[in-house]
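**Student:** Predicted model and sequence follow; I will ask about them next.
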Amino acid sequence: MRKFLSIVIVSALFFGATSCYKVHHNYIVKTEWYLNALELDGGSTNFMNGILPDYVDGAGYYKIYMLDNGLTRGEYYVYDTLNYFVTGTWDLLSPDSIYIDLDKYVQGTFYIELINLDEMILSTNHNNVKFFGIGDVKAVVRCSKGEATSQASTTP
């Protein structure tokens, strides 16, 4: 009886962990994400204003698509006109961590913090920023589903 109970518990833990991974995978892949803020080196400044060409608060936005095949696509718009797009890669390493390499601003393994059904925060101590040769810095990426929100919506 103990052996049977042990098998049931181990199976439940395995399938529970697997289903959690699939839920996060589907949550990330099956949507259009908006980058609301990129904070670097432990600060609270939104670097979107300084690094994206012609960025205007309320008129510029950056969409991110995580595709099933491990590719990601970033699209930067100003006044609803596509300014540029890039492709990169991503890999969900566990239910709470993701590797992303996209654009000149994001390359690293990020911890996933789901704020609610429509917003998440990605944070890391090691983000390689290629823009102006900034290099390895702490980073926080604030994202929302379906529409852009503000940096403040996910800031405590």
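**Tutor:** Received the coordinates, thanks. These numbers were taken from a predicted model, which means no experiment stands behind them.

**Student:** Strands of the chain, start to end?
**Tutor:** For the chain, the strands defined by DSSP state E occupy 32-40, 60-66, 71-78, 81-94, 97-102, 106-116, 119-129, 135-145.

**Student:** closest one to Asn46 among the ones you listed?
**Tutor:** Set against Asn46 and scored by CB to CB, the strands of the chain come closest in strand 32-40, at 4.3 Å. (Each C-beta comes from the backbone N, C-alpha and C, glycine too.)

**Student:** and the closest one, how far from the chain's centre?
**Tutor:** Distance of strand 32-40 from the chain centroid (CA atoms, centre = their mean, to the nearest Å) equals 8 Å.

**Student:** In contact with the residue minimising distance to the centre of the chain, which residues are there?
**Tutor:** Against the mean C-alpha coordinate of the chain, by CA atoms, centre = their mean, the closest residue is Leu122 at 5.2 Å. Taking CB atoms under 8 Å, 6 or more residues apart in numbering, we find Leu122 in contact with Ile98, Ile100, Phe110, Tyr111, Ile112, Glu113, Val140, Val141, Cys143.
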